[in-house]
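Visitor: sequence unavailable; structure follows:
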């Protein structure tokens, strides 16, 4: 800025009193746009899966601070000393549970959602209900609800955990409590919430005003898949293809009030238009192959890969395969909307497509 | 009251000026409880069906002021000169549409819901969407939406119409408009809303804040039936058995904001406890047989019958058959709740059961 | 309609079974617009006041079914047998309380509001709070709150009561309960709500989410007057001049959830534009003189007069005096808005002014 | 944790792939309680005022990145490299405007509130309205509204700025835009919002559903003072004495949706009970003297001083003077409540009072 010596001396003098000159820092604090902290990044599934499976030989859930998880670490944030964050606000971990194991019961102020990748026979218990996990299911463990995982099957079970732990850490709002018992008492029939609320537009009479948390704790793959297929009767969304989000049937809002879950389908050859939003996201490739262009860099993906989309980054998706590609993602959209901070901008040039300036080389 | 002559003269004198003495009428205006106007009443299906079918020979929808409908008339209200009302606030009609016919397009400030009783191949068009009607479907034509019915099939189609027309008439809030064309233009794919919103707890991304009217216009029987079967994993509601209501997936509230639709299942032998509420209802027997005790009178019902439950009347249900009995009903519960007037009271004596003092003899 | 004999025979036949032909009544039930039931009407204050004062000699509040009130009776509704209604949904009474008298405590499902016309030293007790009434105050006794009136002063006290009793009667939702004691126990400091919530945009910390009923039970004249004066810095509303409504500071909605209170000021010479709305109203002239044109008839008014505006009636106001005219009114707008039935239409011809076809001659 | 060498090697290996072991960091990320980052701290008014006045000689608003402000810097956060934050989420600056100066127009995604400390004749222009600032006024410049300050008077004007800039920076949601012109065009009468909405519980007819931002932009001291005096008719709040918060009269919620403003009065000798909440606060002493105990340390304060209360810190207030003490504060309570993260805990021992273990020595 070129401050005078007199002014610099003033800055120094007031700093002793824990006072500061706004003019010296205003442009760092109130920036024209979000600054790049998290970077776009892609993790290959074979790389992750190998390490996750290996962790099964090295540590147990109980020894591992209650969970056995390998998490995605955004290099841009890690470089700033901010650990265990895939984007500025979102954490993603890949959790392994082996037959017979238990990940003990606890609760925390962070919201968590799960997406099931492999295996069956394991369950998540939440608020007295055992939810059996199947590939493709989306499962909620809302903030401050007791939850534990157990495995009654015979093969390794792998799923994706999504939490708003970076956000909660940033605002210093973490509370955690272990349960007195390893497994919480089960007080409801298995898959209670599916049986009671699984037909989303019907509600047991007398259950009104059941706002938070969502009465429905698991969104099973068959429904999600059906909804995506049904959407094909319509024009796809220009930015997201055929995309659905998981909602709380009691209030029509996001299933988890701070994290959105989204499933999107891209038909072969589909190339969406680019846009950007303040909300960030982490994608997991459920099936198919293609690429996403983020801020001019091309990220090629295949089944199983994970991709971090930072806040306010331009992005567009392409399905290069011959089958439908399906992307699951979590976002912090509800957070940004609750706080009235969300922004969305469309890329208007070249029919909505960014020029591709580089290709990302993932670590393999 | 025994007013003095002086007072009676005063009453007479002020009446000339269109003034009145509150003391003389207060107990008629502000009653301790709702007064009996509508009465409990049961209509036999064969009686109704025969007349409805006969109406098909006597009149067309177009000649019939746009619809061919035989309605239920509550004798208590009819005696007070209040026509075409099944309860103080609810109208129920049974509509017949013959192959090739059209019931022309119009809209009105009254809310309407439909429950499909017989036939197929006919559709309701609402806001540019053709909804094909199947037995057991629950269909919305929200207030002030254009709607018409057409029949592309080969057998008579019969359904139940439920409207809040008595309520709207009481408060003198009726607006009606015929469409310029007999059939409104179709602008959406057939069964649009099922394809787009039929998995209630998933929503197309970008469709947020879609409050009123419900984005879902038809609740198909297969889903309703599945939801009822799922509920059997739980204890039944003591007053209503296994009961679900139709909700708007965009806000978690009643599918129509002034009329509730409820489907309830009573297992063989089930005898619910009695209660009463300010909201009134009209029941239609979807399957099975049994009886309902209303204010001490027993109303036996079989498949197809209709039963009017007035406001604030004690009622309990019994399934006397060997199969599940299923009752569909419409109520004015949302109205009473919006206005903060709803009340519910449980019958506490004799394990929740009223003494049966008489048996209603329906006209056959 | 010219039905055939065969059809007329059918109508007669089905009527025996309490069934009816929709085609025969549809145009009475579902009308193109609200029908005229209530009529526009004006009551002169000297006529009312004389009878109210006389009632003080003839009856006590206690003998008079708990209140001594002369009410306005709309001739159009009275002719239809609908008593004690100023409009289809609104009741207005003029209540007299003499020094030392008590109007005993009760509660009812009807909402009530008061506007103070004459006198001082009397109070309304509501939910444990004594509210001292002064000329111009607007006072709430929300539905189902205990309320009684007492007079500790020395001169007759006269006020206007506004209730939604016609509406509640129409939908048969009346509940009433007398208090075990003549006066409810006082549990709060006098004028509690003014002291605690009287600065509307400030709230005692910790009193959050205090939705219904309004925490503020009285809206004192000095504030109302100040708000009207402040509004003069702006362009007046074209239809209502300088007009404010009373709101619940806890939620920003109508002070009473079913009845709106409105105070409007017309400067000398002001002539508002005509419009109509589904909501009906009853006006009381607080000061000044002028006239209102309703559906082409001119109603001249002076201080103290009452004027009934039926639903969906065109109306415009003129101040013909040399001072500001002030009209207080109650309306059923919140009711119509809650039910999503409200409609508003502007009169577009002749600069917004109706032709005056007749002049109403009030009874004197 | 004592990880084995094999495990440590695994950690190192996966780190190359930007993967991490949850078990190694879980207790840093998901802590049992918020960790201490910000510290309790007190700034003396004479220290601040002297520097602020001196800044008037050293820099102009325009040269100073649009504003001339000395901000409070929490030593705990500064030590972590987090600048210009008084608490984890709140910024407080003391702004000086000299006669004739203009602080140019801009807007940003951060919310800002002001509390006026000294002077008069200056204004804040927000959304086309000039608000003249007087001592004690609370002024809103909601997120993304254009605002500038100008001074038409003759003496220095000093006020406190409160922003949620640390929060917005943490979640990387900053957007900023300078206005094309130094002063935004004025489109409304001076003090528009006071004239139109200044009687909080009355609203101009037709202004319904005016949710965000608050239609009232300034809360004048006279009203605030009156509300505090009125509250004295009641028992004080055990934790906050006589305290009011500023609300949006259009919806009854916090005046700014992310920052609460609170004014509290402690009568002589009053000693409140200790509690803690996740929300943090910055206090400014409006009048009087006393002390606040935070986490066992005593912070003595006098008129003008500023005090930072970190999240989840125990605190209680004492008025040691002979006049009423008045504390103004800003908090991030709405943020924590919107996100459903707020927690409150009462100190139950020793009648609600913490043991005082140390006395804070402020820099003078």
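Guide: Perfect, I can see it now. All values derive from a computational prediction rather than experimental measurement.
Visitor: give me the neighbour count for residue A:144.
Guide: 17 (other C-beta atoms under 10 Å in any protein chain shown). The way it works is simple: take the backbone N, C-alpha and C, and place the C-beta from them, glycine included.
Visitor: contacting residues around it?
Guide: A:107, A:108, A:109, A:175 (C-beta atoms under 8 Å, 6 or more residues apart in numbering or on different chains).
Visitor: of those, just the buried ones, PyMOL syntax please.
Guide: Listed next is the PyMOL selection for buried residues among those, using 16 or more other C-beta atoms under 10 Å in any protein chain shown:
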select buried, chain A and resi 107+108+109+175
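Visitor: for the stretch 151-300 of chain A, just list every one of the helices.
Guide: Using DSSP state H, counting those that start in this stretch, the helices of the stretch 151-300 of chain A run over residues A:165-170, A:192-197, A:221-231.
Visitor: and chain D, which of the ones you listed is closest to it?
Guide: Set against chain D and scored by C-beta to the nearest C-beta, those come closest in helix A:165-170, at 4.2 Å.
Visitor: the closest one near chain D at all?
Guide: Yes - Helix A:165-170 lies within reach of chain D by C-beta under 8 Å from any C-beta of the partner chain, at A:165, A:167, A:168, A:169, A:170.
Visitor: correct me if wrong: residue A:171 contacts residue D:89.
Guide: Yes - using C-beta atoms under 8 Å, residue A:171 and residue D:89 qualify as a contacting pair, with a distance of 6.2 Å.
Visitor: now do the shared contacts for the two.
Guide: Residues touching both residue A:171 and residue D:89 by C-beta under 8 Å, 6+ apart: D:167, D:170, D:335.
Visitor: let's see if you can find the most crowded of those.
Guide: Neighbour-wise, these (other C-beta under 10 Å) top out at residue D:335, 27 neighbours.
Visitor: what's the pLDDT at it?
Guide: Looking at residue D:335, its pLDDT is 96.
Visitor: quick check: it is in a helix.
Guide: Yes - if the criterion is DSSP: H, G, I helix; E, B strand; the rest coil, then residue D:335 is within a helix.
Visitor: hmm, back to that, determine which two of the residues of helix A:165-170 next to chain D are furthest apart.
Guide: A:165 and A:170 (9.6 Å; C-beta to C-beta).
Visitor: neighbour count: residue A:171 and residue D:89, which is higher?
Guide: Using other C-beta under 10 Å, the more surrounded residue of residue A:171 and residue D:89 is residue D:89, with 29 against 23.
Visitor: so residue A:261 sits against residue A:112, correct?
Guide: No - if you go by C-beta under 8 Å, residue A:261 and residue A:112 don't touch, sitting 11.3 Å apart.
Visitor: which neighbours do the two share?
Guide: With C-beta under 8 Å, 6+ apart as the test, residue A:261 and residue A:112 both reach residue A:162.
Visitor: restrict the shared contacts of residue A:171 and residue D:89 to contacts with chain A.
Guide: Applying C-beta under 8 Å from any C-beta, the subset of those adjacent to chain A comprises D:167, D:170, D:335.
Visitor: dump those residues into a markdown table; add distance to residue D:36 as well.
Guide: Shown next, in a markdown table, are these (distance: C-beta to C-beta, whole Å):
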| residue | distance to residue D:36 |
| --- | --- |
| D:167 | 18 |
| D:170 | 17 |
| D:335 | 20 |
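Visitor: of all those, which comes closest to chain C?
Guide: Relative to chain C, the closest of those is residue D:335; by C-beta to the nearest C-beta it sits at 14.5 Å.
Visitor: so the closest one touches residue D:167, yeah?
Guide: Yes - between residue D:335 and residue D:167 there is a contact under C-beta under 8 Å: 6.6 Å.
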